[in-house]
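Chemist: any chance you could fold what I've pasted below:
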Amino acid sequence: MFVVPGLAETHTAADATDASRSAAEVTFDAIHQYGGVVLGEHLGQLFTIAWIVMVSAMMFRSTIFRPWLGWFGLVAPAVYSIGQLELIATAGPFEIGT
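Modeler: Residues are numbered from 1 along each chain as shown. Coordinates of the predicted model:
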């Protein structure tokens, strides 16, 4: 990422104060959550899920593939979608059942 070298330099500078180090850490966390988790992982996985669904739908219409392969292709993205919950867990300290 383009921001990380600047933040690392700010954090490791010889004249860096505790406040500037803390600000660099908070900025890095914010950029990581937005750029890495929201854009990179979440949208990337959603597009992958959509692609799998479209390929599976084409398998139903194809004479090359058996219909059960298309159904398997529709089950896989459903399971893959459960993995999206992991990304939500990185957004904050959530406690289930309390």
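Chemist: residues of the helix ranked longest in the chain that come out buried?
Modeler: In terms of residue count, the longest helix belonging to the chain (DSSP state H) is helix 44-61. Under the neighbour-count criterion of 16 or more other CB atoms under 10 Å, helix 44-61 has Q45, I49, I52, S56, M59 buried. C-betas here are computed from N, CA, C, even on glycine.
Chemist: for the last one, which non-adjacent residue is closest in space?
Modeler: Nearest residue to M59 in three dimensions, chain neighbours excluded: G70, at 3.9 Å (CB to CB, 6 or more residues apart in numbering).
Chemist: cool, and the third one?
Modeler: In space, not counting the residues next to it along the chain, I52 is nearest to P77; the distance is 4.6 Å by CB to CB, 6+ apart.
Chemist: send the alpha carbons of stretch 65-79 over as CSV?
Modeler: Taking Å, rounded to 0.1, in the frame of the first residue of the first chain, the C-alpha atoms of stretch 65-79 are listed here in CSV:
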residue,chain,number,x,y,z
PHE,A,65,-21.9,-30.9,-17.7
ARG,A,66,-24.2,-33.0,-15.6
PRO,A,67,-26.9,-31.0,-13.6
TRP,A,68,-25.5,-32.2,-10.3
LEU,A,69,-22.3,-30.3,-11.0
GLY,A,70,-24.4,-27.1,-11.3
TRP,A,71,-26.1,-27.8,-8.0
PHE,A,72,-22.7,-28.4,-6.3
GLY,A,73,-21.6,-25.1,-7.8
LEU,A,74,-24.6,-23.4,-6.1
VAL,A,75,-23.8,-25.0,-2.7
ALA,A,76,-20.2,-23.9,-2.7
PRO,A,77,-20.9,-20.2,-2.7
ALA,A,78,-23.4,-20.6,0.1
VAL,A,79,-20.7,-22.2,2.2
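Chemist: thinking again about what came up before, distance of the residue nearest to M59 from A13?
Modeler: 57 Å (CB to CB, to the nearest Å).
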